[in-house]
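**Student:** how would this look folded up:
(chains A, B, C and D)
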There are 2 protein chains.
Amino acid sequence: MKSAAKAMQEDTAETGAQQIRDAIREAIVERRLSPGTKLSESDVGNLFNVSRTLARAALQALSYEGLVSVEKNRGAFVAYPSPEEARQIFAARRLVEPGILREAAAHITPADIKQLKQLLLEEGRLMSERGQTARRAEIKASGDFHLMLAEISGNAIMQRFMEELVARSSLVIALYGQSTASSCGHSEHGDIIAAIESKELDRACQLMLHHIAHIEADLDLRERKSLGLKEAFEL
Amino acid sequence: MKSAAKAMQEDTAETGAQQIRDAIREAIVERRLSPGTKLSESDVGNLFNVSRTLARAALQALSYEGLVSVEKNRGAFVAYPSPEEARQIFAARRLVEPGILREAAAHITPADIKQLKQLLLEEGRLMSERGQTARRAEIKASGDFHLMLAEISGNAIMQRFMEELVARSSLVIALYGQSTASSCGHSEHGDIIAAIESKELDRACQLMLHHIAHIEADLDLRERKSLGLKEAFEL
DNA sequence: GACGATCAAATTGTATACGATCTTTTGCAC
DNA sequence: GTGCAAAAGATCGTATACAATTTGATCGTC
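**Tutor:** Below is the predicted model of the structure:
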């Protein structure tokens, strides 16, 4: 689904680094890589059988997206968003997603709606399945719903911004999420589609805001970062 | 003013490439570099007395911001946004700037207002001056108004996004702008501040939308790019 | 003289090498 | 045994070198 946007700038991007970047990003978004995991340039390079040059380029790009943080002379790590960053990520989503939804609703075609529903179906199917791979696919599908709306909006810039926000959200949920049901708001996705379909735009926006609030409400945004130093043993 | 945000991630960024990146970006935003200008890695490296490695890294970063487009095996060029891209950039601004303004108004302090007014004053002073350097400084100050609002909003993510949008807007105006008065909307900035100051939030948002529309109205977004291929000779 | 193929120049893509900086450990003194 | 200092190890920062691709030119042929 995102292939269209990717293909457009495919010849503008370097072949090697791009692949590695995408592979690592996918691993982060699907939570195979946990926040804080070290990603040394040598290791990444060896893993993908390329030189450190390419590994470095990939990590730099990911750093630019906020998915990894590279610390000078120390190394690159899967980003470990602070509670404050987490709040800002969701504030940003509350700020832009209603607008994206409105734009999407203005351009949406029957084919788009069909595709959205299919995505929803797939999401539901994965939810009922068991196993890690199904869980990861479900996480991805859950984010893809929001991404697809951005794609339908027809604004490539907002689309790219949403890709960044969704990816970073995944990190935040991995860190601070509480509920076991990772995509608690599956039914909410369906409600939003229904509202769009029946042209109830304001209601769709309200539902979207509630949906985002719902995800955020499942977080425990308390600073529990490096309390392992002392506090962890003096209870 | 943007030093605060920059300083926070200063140790996470590599020293050399960052400087070059910023220097080139500034040159692009101030329109010393025209859209389409070739930026070969060797030339950039020689110019800044660094190796191609760093030049390349800087160009890649700028490519990520949408300010330069690197074409595989061909080189990097100052971005040449299409009319469609231009529309999307301004659509994105219309989408996010009202929200940013609301967020900023919620957090604004008297000191912030004072600083905003000072920026406005500076902008006016530069407008009355003559010469290229004054013109460039004026362009920068005009964008800084929007960036300062984003900074006041307290959301670093939205701030960075706005930095990208403002920079790309400068490219669009350089390409498609018609009026000689580069920052036509100087007075509008003042109006917006006034509306914020008197807590007329809805009115401030309206003014902001009008302001953006005003900038966009000064553009001539007709495809005059490479229609020279065939259409240019079959009239 | 025009068209096409082959070759040379320039530019990017990737790898390797060396130097700088930070972390960690080790050893010594107290 | 504790604490500090110095050295060893690991990792990044940057430069240089070589390979691949593209572009432009030259030469030959029709």
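**Student:** OK, contacts around A:Ile28?
**Tutor:** A:62, A:67-68, A:78, A:167, A:170-171 (Cβ atoms under 8 Å, 6 or more residues apart in numbering or on different chains). For every residue, glycine as well, the C-beta is placed using N, CA and C.
**Student:** Sketch out the low-pLDDT regions of chain A for me.
**Tutor:** Residues of chain A meeting the criterion pLDDT under 70: A:1-14, A:180-184, A:224-235.
**Student:** Out of the contacts of A:Ile28, flag the one nearest to DNA strand C.
**Tutor:** Minimum distance to DNA strand C across these is 15.9 Å, recorded for A:Leu62 (Cβ to the nearest atom of the strand).
**Student:** Could you pull up phi and psi at A:Ser51?
**Tutor:** phi -80, psi 170 (degrees, to the nearest 10).
**Student:** so where does the nearest residue to it once chain neighbours are set aside fall, helix or strand?
**Tutor:** Leaving aside its sequence neighbours, A:Ser51 sits nearest to A:Gly45 (Cβ to Cβ, 6 or more residues apart in numbering or on different chains; 5.8 Å). Per DSSP states H and E: A:Gly45 is located in helix A:41-48.
**Student:** Now that helix: buried residues?
**Tutor:** A:41, A:44-45, A:48 (16 or more other Cβ atoms under 10 Å in any protein chain shown).
**Student:** Near A:Ser34, how many other residues are there?
**Tutor:** As a burial measure, A:Ser34 scores 12 neighbours (other Cβ atoms under 10 Å in any protein chain shown).
**Student:** what's the distance between it and A:Glu163?
**Tutor:** Distance, A:Ser34 to A:Glu163, using Cβ to Cβ, to the nearest Å: 21 Å.
**Student:** Next: A:Leu207.
**Tutor:** If you go by Cβ to Cβ, the gap between A:Leu207 and A:Glu163 works out to 22 Å.
**Student:** and A:Ser82, backbone torsions?
**Tutor:** Backbone geometry at A:Ser82, expressed as degrees, to the nearest 10, gives phi -70, psi 160.
**Student:** do you know how far it is from A:Lys38?
**Tutor:** 18 Å.
**Student:** more neighbours, the two?
**Tutor:** A:Ser82 (14 against 11).
**Student:** residues contacting the residue nearest to A:Ser51?
**Tutor:** A:Gly45 neighbours (Cβ under 8 Å, 6+ apart): A:51-52, A:54-55.
**Student:** wait, which of those is closest to DNA strand D?
**Tutor:** Nearest to DNA strand D out of the contacts of A:Gly45 is A:Arg52 (Cβ to the nearest atom of the strand; 6.5 Å).
**Student:** Near DNA strand D, which residues of chain A? Just list them.
**Tutor:** A:40-42, A:52-53, A:56, A:70, A:72-76 (Cβ under 7 Å from any atom of the strand).
**Student:** From the recorded domain assignment, give the ranges for chain A.
**Tutor:** Per automatic domain parsing, the structural domains of chain A span A:3-78, A:83-217.
**Student:** Reformat those domains into TSV and put distance to B:Ala150 next to each item.
**Tutor:** Putting the domains of chain A into TSV (distance: least, Cβ to Cβ, whole Å) gives the following:
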stretch	distance to B:Ala150
domain A:3-78	16
domain A:83-217	11
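**Student:** Quick one: closest of those to DNA strand C.
**Tutor:** Among those, domain A:3-78 sits nearest to DNA strand C (Cβ to the nearest atom of the strand), with 3.2 Å.
**Student:** from the chain's centre, how far out does the closest one sit?
**Tutor:** 15 Å (Cα atoms, centre = their mean, to the nearest Å).
**Student:** Equivalent analysis for stretch A:208-221, please.
**Tutor:** The answer for stretch A:208-221 is 14 Å, by Cα atoms, centre = their mean.
**Student:** Using CSV, write down the CA coordinates of that stretch.
**Tutor:** Output of stretch A:208-221 as CSV, limited to C-alpha atoms (Å, rounded to 0.1, in the frame of the first residue of the first chain):
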residue,chain,number,x,y,z
MET,A,208,-10.5,9.8,15.7
LEU,A,209,-9.7,12.1,18.7
HIS,A,210,-11.3,9.6,21.0
HIS,A,211,-9.4,6.8,19.4
ILE,A,212,-6.1,8.5,19.9
ALA,A,213,-7.0,9.5,23.5
HIS,A,214,-7.9,5.8,24.0
ILE,A,215,-4.5,4.6,23.0
GLU,A,216,-2.8,7.3,25.1
ALA,A,217,-5.0,6.4,28.1
ASP,A,218,-3.5,2.9,28.1
LEU,A,219,0.0,4.3,28.7
ASP,A,220,1.6,4.7,32.0
LEU,A,221,3.7,7.7,31.4
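**Student:** For it, which outside residues touch it?
**Tutor:** The contact list for stretch A:208-221, computed with Cβ under 8 Å, 6+ apart, reads A:83, A:86-87, A:90, A:93-94, A:97-98, A:101, A:169, A:172-173, A:176-179, A:184-185, A:188-189, A:192.
**Student:** distance of A:Ala167 from DNA strand D?
**Tutor:** According to Cβ to the nearest atom of the strand, to the nearest Å, A:Ala167 stands 21 Å off from DNA strand D.
**Student:** How about A:Ile24?
**Tutor:** 13 Å.
**Student:** Who are the packing partners of the helix or strand harbouring A:Ile100?
**Tutor:** For A:Ile100, the host element (DSSP H and E) is helix A:83-107. When contacts are defined as 3 or more Cβ pairs under 8 Å, 6 or more residues apart in numbering or on different chains; DSSP states H and E, helix A:83-107 packs onto helix A:132-153, helix A:156-176, helix A:186-197, helix A:201-217, helix B:83-107, helix B:156-176.
**Student:** got these as TSV, with distance to B:Ala134 columns?
**Tutor:** Converted to TSV, those look like this (distance: least, Cβ to Cβ, whole Å):
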stretch	distance to B:Ala134
helix A:132-153	39
helix A:156-176	31
helix A:186-197	50
helix A:201-217	44
helix B:83-107	25
helix B:156-176	16
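**Student:** measure A:Ser128 to A:Asp218 for me?
**Tutor:** 20 Å.
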